[in-house]
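S.K.: Predicted model and sequence below, questions to follow.
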Amino acid sequence: MRPACVLVGVMGAGKTTVGELLAAELGTRFRDTDADVEATAGKPISEIFIDDGEAHFRTLEKAAVVTALASFDGVLALGGGAILAEETRAALAGHAVVYLSVGLADAVKRVGLGAGRPLLAINPRATLKHLMDQRRPLYEQVATFTVSTDGRTPEEIAAEVLTLLKP
Ligand SMILES: Nc1ncnc2c1ncn2[C@@H]1O[C@H](COP(=O)(O)OP(=O)(O)OP(=O)(O)O)[C@@H](O)[C@H]1O
Ligand SMILES: O=C(O)C1=C[C@@H](O)[C@@H](O)[C@H](O)C1
Ligand SMILES: [Mg+2]
């Protein structure tokens, strides 16, 4: 079993929004590794960061990705930083991975003040720019397709992804 597609991208790229639309169009389920980690830990990601630290979150995240890649056949969204782990990038080989790219201006508009996103608790704009610059090459490395989301509606983006996924 393998996901119909895996969505990657920075916070605010629209992985959850587009992923839910895609799953509905494909008649399948949507799953988000952030939600899997929260279920395992029994608390929200913001609390995992505070109580246990980012390193512990990343350990839970790696396990959640490996499990979902092996046992889920719907549309899977990864947490924004999941691709930081070399092990996770390797596990994505051979999967249909869609990188939802977004520029800084649109990403900032979408995440606002970063509520619920612990990495954006301080200076969201500068932090997001740093994360985007650091991670762009990693998203590109794992991507089968890249879809730009700037100035486009989630419906338009989902339609393009569906076209790309067609055999
Ligand atoms: N193409 C778009 N145009 C405008 N707003 C969008 C678009 N895609 C998503 N949004 C909005 O941006 C916000 C963030 O989107 P979403 O939660 O889907 O991003 P995400 O990639 O899942 O982020 P995270 O990594 O934090 O989970 C939401 O309020 C959503 O409604
Ligand atoms: O970009 C990141 O590192 C993160 C993105 C979110 O999806 C969550 O996985 C968490 O807030 C960390
Ligand atoms: Mg999301």
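M.R.: Thanks, I have it. Just so it is clear, the structure is predicted and the values come from calculations on it, not from any experiment. Ligands and ions are numbered 1, 2, ... in the order given.

S.K.: pLDDT score assigned to G114?
M.R.: Here, the pLDDT recorded for G114 equals 66.

S.K.: Kindly report the same for K166.
M.R.: Reported pLDDT for K166: 86.

S.K.: gap between it and E160?
M.R.: 11 Å (C-beta to C-beta, to the nearest Å). The C-beta positions use only the backbone N, C-alpha and C, and glycine is treated the same way.

S.K.: Neighbour count for those two, which is higher?
M.R.: More crowded of K166 and E160, by other C-beta atoms under 10 Å: E160, with 16 against 5.

S.K.: so the more buried one sits right up against V147, yeah?
M.R.: Yes. E160 is within contact range of V147, at 5.4 Å (criterion: C-beta atoms under 8 Å).

S.K.: mind listing what the closest residue to D106 other than its chain neighbours touches?
M.R.: In space, and not counting its chain neighbours, D106 is closest to D150: 4.9 Å by C-beta to C-beta, 6 or more residues apart in numbering. By C-beta atoms under 8 Å, 6 or more residues apart in numbering, the contact set of D150 is 101-103, 105-106.

S.K.: Sort out which of those are buried, if you could.
M.R.: 101-102, 106 (16 or more other C-beta atoms under 10 Å).

S.K.: Helices of the protein, start to end?
M.R.: Along the chain, the segments classed as helices by DSSP state H run 15-26, 33-41, 45-52, 54-71, 86-91, 104-111, 124-142, 154-165.

S.K.: looking at those helices, which is buried most?
M.R.: For the helices of the chain, the largest average neighbour count (mean count of other C-beta atoms under 10 Å) is found in helix 15-26, namely a mean of 20.

S.K.: on that earlier part again, name the residues contacting each of K166 and E160.
M.R.: Shared contacts of K166 and E160 (C-beta under 8 Å, 6+ apart): none.
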